[in-house]
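Asks: sharing a model prediction with you, sequence too.
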Amino acid sequence: MDKNIRTKAIVIVATILICIYGIIGLPTSKEELSQNIANSIKLGLDLRGGSQLVLQVQVQDAFKADADQNIGRLKDEMLKAGIAYAAVDRNDPATIEEADKIQILIKGVPVDKTAPFRELLQQKFSMWQMANVGSDYRLTMNTTEAITMRRDTVTRSMRTIENRISGLGLAEATVQQRGNGDASPEILVQMPGVDDPARIKAIIQQAAKLEIVEVKDGPFPSEEALRAKSGGILPLGTRAIQQASRAGDQGESWYVATRSAVVTGQDLRNARPSQDQFGKWETSFVLSPDAGKRFGRYTESNVGNKLAVLLDNKAQSVATINSKIEDSGVITGAPSQQEASDLALVLTSGSLPAGIVYLEERTVGPSLGADSIRDGLVAGAVGVAAVVLVMLVYYKKAGINAVLALILNAVILIAALAYFGAVLTLPGMAGIILTIGMAVDSNVLIFERIREELRNGKGVLAAVDVGFGKAWWTIVDTHVTTIVSCAFLFIFGTTAVKGFAITLVIGLLANVFTAVFVSRAIFDWELSGKEQPTTLSI
C-alpha cells in the first residue's frame, strides 16, 4: 500500500475511534452502553420534556441598594469635609418602571457650605445629576448610568441563576433573557427532565446575601424593646437584626448590629456542608486570602465582642470572639444535609443583585418529545434511504464512496455534540438533516467534475485528481458563506436558533473532512491496486 494512502487510512481510523469513544465510551455491559449513549446525546426541553420558568428581576431593588451605598459614602465624605446636614434619605420606587427615578434627597446643607458641597458632588458623585431648592438638594441618577445598572442587574442575575442550576447537576438547563431590549428584566429558564421544580425555585429565589457584622447590643425579646432602650432611635451606623427562627425557640431574639459588614459573601472562596461534633448539619465557609487577613486583624483586636453571621439580614448565629479567626466560619441550624448543601450552593454561586418574581411556570410532558423524536427519526431515515438509493443507482460504485462518507459525517457530528456537551433540540435536528443534504451536495460536485474530465478525454487518475482539485474551491465557497450566515444566526438569534447554527457549522466542518479527505482516500485506495486504470464506476 502506498505510504500516502496508509497515512490517510491511519488518520481516518483514528478519527472513527475517537468519535466512537466520545459517543459510547468504554462500556462493559449492554446496560452501560445504553446509559453512555443516553448521557452523550442530551435532549432539550422540546424533545425530552421538563419544566420552564419565567422570572422577573426586580431591578428596583438594585437601584435602592446602590442609592443606599451612595448615601453612606456621601455621609462619610460630608463628615470629612465638615459639611453639616439635617437629613440624607432617598425615595422608594416601588415598581420596575419607576426604578430609573431613584433619587437621593439631602436636606439642611448650610448656605456657607454650598460651594464645597457642590464641588464634592462633582468630584465624587458625577454619576448623579444635581438640582437644589434653597438648602435642599436632589440627586437623580444619570440616564446612561441607569441603563447600565438595569442591564448589569439582569446579567448578574442570569449568571447567578445559571451557576446555581449548574451546581445542581442540570447541565442541560438553559438560562436566557426574554423580551425586547438588552435591559429586559425577564429571564427564561428551561430545565429538561425536571418535572418538580419546587426545590429549584426555592434555591433560585434565595438572595443569599451573606454578611458578618459586629453585634453592639442584645439580645432583646422584640424590636420594640430594642428600640426602647435607645429612645426609639437606633444609634448612628447601626441596624436592628432578628435571629432566624429555629425549631424549639422560645420567642424572638433581636440584636443591634453595625450597618457595615466586616466581611461579605463576595469575600467567600468556598462553602460546603459539614457536621458538628454532635452530628448536626451546618454550612462551613472559607474566606479568600485577603478577606481572611482582614477578618483576622478585626477579630484579634475585638476579642470578647460579639459577631453575627447574617443571611439575607437574618442572624443565623451570634457568637463571642474568643480568639483570632482568620479564614473560616460556620452557619449553624441546617435541619438536614440537603438544606446545608443547598445553602453552600447559593453562597458559592453568589448573591442575587435584586429580588425575583415568578411570572410563569410550565411543565412540558415527555409525550411531545417522544412524538417529535419519532417523527424526526422517521423523516431522517426516509430522507437518508432515498439519498443512498439515488447515489448508488446514479453513481454506481462511486455511490458507495459517498454513502461511507455520509455515514462518517453523521458519526463525527454526533461525537462533536457529545464532546461539547451540547443539547439536541428540534432546531438542532433540522441542522443535522440539512448537513446531510450539504454532504451529498459536496459529493455530487466532486463526482460531476470527475465525470466531466472523463468526458473530456482525461485518464482516470488525472480525472480524479482534477475533479477533486476543481471541486475543492467550490465546496470552500459554499461552506464559508453558510458558516458566515450561521455566525449571524448565532449572534442575533434566540437559543433555539443558536442551536441550529452550531449544529450546522459542526456538520459543515465534518463535511469538508469526509467529502474531500475521506472520499479522496477511498478513491486512491480503490485505484492503487491497478497499474493503469482505464475505467471508473461513476
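Replies: Received the coordinates, thanks.

Asks: and the longest strand belonging to the chain, which strands flank it?
Replies: Taking DSSP state E as the criterion, the chain has its longest strand at strand 210-220. When sheet partners are counted by DSSP bridges, strand 210-220 sits next to strand 254-258 (antiparallel), strand 263-264 (antiparallel), strand 306-311 (antiparallel).

Asks: how about a markdown table for those, with distance to residue 243 and mean neighbour count added?
Replies: (C-beta placed from N, C-alpha, C; glycine too.) Compiled in a markdown table, those are given as follows (distance: least, CB to CB, whole Å; neighbours: other CB atoms under 10 Å):
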| stretch | distance to residue 243 | mean neighbour count |
| --- | --- | --- |
| strand 254-258 | 7 | 22 |
| strand 263-264 | 20 | 20 |
| strand 306-311 | 9 | 22 |
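
Asks: between the ones you listed, which gets the lowest average pLDDT?
Replies: Comparing mean pLDDT across those, the weakest is strand 263-264, with a mean of 77.

Asks: what's it in contact with?
Replies: For strand 263-264, contacts defined as CB atoms under 8 Å, 6 or more residues apart in numbering pick out 209-212, 287, 291, 294-295.

Asks: what of stretch 513-524?
Replies: Residues external to stretch 513-524 that are found in contact with it (CB under 8 Å, 6+ apart): 2, 4-5, 8-9, 11-12, 15, 401-402, 404-406, 408-409, 412, 439, 442-443, 446, 464, 468, 472, 475.

Asks: name the next helix or strand downstream of the top helix by length along the chain, please.
Replies: For the chain, the longest helix by residue count, based on DSSP state H, is helix 460-492. Sequence-wise, the next helix or strand beyond helix 460-492 is helix 495-512, with elements assigned using DSSP states H and E.

Asks: what angle separates that following helix from helix 460-492?
Replies: Between helix 495-512 and helix 460-492, the angle comes out at 160 degrees (axes from the mean of the first three to the mean of the last three CA atoms, to 10 degrees).

Asks: hang on, the earlier thing: nearest to residue 231, out of the strands paired with strand 210-220?
Replies: When those are ranked by distance to residue 231, counting by CB to CB, first place goes to strand 254-258 at 13.0 Å.

Asks: rewinding a little: so how far is the longest helix of the chain from its chain's centroid?
Replies: For helix 460-492, the separation from the chain centroid amounts to 34 Å (computed by CA atoms, centre = their mean, to the nearest Å).

Asks: do stretch 452-462 as well
Replies: Here stretch 452-462 is found 55 Å from its chain centre; the criterion is CA atoms, centre = their mean.

Asks: buried set for it?
Replies: Burial within stretch 452-462, assessed by neighbour count using 16 or more other CB atoms under 10 Å, is assigned to 453-454, 458, 460.

Asks: that one: end-to-end distance?
Replies: The first residue of stretch 452-462 is 12 Å away from its last residue (CA to CA, to the nearest Å).

Asks: tell me what angle the helix or strand where residue 454 lies forms with helix 495-512.
Replies: Secondary structure assigned from DSSP H and E places residue 454 in helix 426-455. Relative orientation of helix 426-455 and helix 495-512, computed by the same axes, to 10 degrees: 30 degrees.

Asks: helix 426-455 packs against which elements?
Replies: helix 366-395, helix 397-420, helix 460-492, helix 495-512 (3 or more CB pairs under 8 Å, 6 or more residues apart in numbering; DSSP states H and E).
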